[in-house]
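> Pasted the sequence and its predicted model underneath.
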Amino acid sequence: MSEQNFKYYIQRLLSERDFLVLNCAKKQAFDLVAIRNQIAVPLELKGKNTPYSEEQKLYQKDLASRVRTNFLIIKQGKKRGEIIIEECYVHYESPETNLLWHKIQNEIIEALHK
């Protein structure tokens, strides 16, 4: 599956699980933003052959830190249908916010591994 098709596939899976998914245009900080229960989760998607430079990761961590959020990196695995999810923690607010973040993150992981 092409990287573009992978993005649409992830977007569809999350939309089917009642997430509002914003598809960000090229040259934006993240590929998608999944929103549910007033929590927005930035998502960086990478195809199986697409590199993820340390420079890009540091930029995204800095941006996420400035807006006080975390983000997920979703990679297309080498095996057919495989999805790899990496959690990127850069900020924790209050314990309540942290709990909400983990709840939404787990709902995203569940939606992608259905």
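Now that the structure is in, tell me what you want to look at. Not measured: the values here are computed from a predicted model. Residues are numbered from 1 along each chain as shown.
> C-alpha from now on. contacts and neighbour counts both.
Will do.
> Just the buried residues of the longest helix along the chain, please?
In the chain, taking DSSP state H as the definition, the longest helix is helix 95-112. In terms of neighbour count (16 or more other Cα atoms under 10 Å), helix 95-112 has its buried residues at 101, 104-105, 107-109, 111-112.
> And the contacts of it?
10, 13-14, 17, 36, 39, 41, 83, 85, 92 (Cα atoms under 8 Å, 6 or more residues apart in numbering).
> mind checking how far residue 22 is from residue 72?
Separation of residue 22 from residue 72 (Cα to Cα, to the nearest Å) stands at 15 Å.
> of the two, who's got more company?
Ranked by neighbour count (other Cα atoms under 10 Å), residue 22 and residue 72 place residue 72 first, with 20 against 16.
> Using the three-state scheme, assign residue 50.
Of the three states, residue 50 takes coil under DSSP: H, G, I helix; E, B strand; the rest coil.
> What values do phi and psi take at it?
phi -100, psi 120 (degrees, to the nearest 10).
> For it, which residues are in contact?
Contacts of residue 50 by Cα under 8 Å, 6+ apart: none found.
> and it, what pLDDT?
pLDDT, residue 50: 87.
> same question, the one 10 residues further on
Per-residue confidence at residue 60 stands at 92 (pLDDT).
> Likewise for the one 5 residues further on?
Per-residue confidence at residue 65 stands at 87 (pLDDT).
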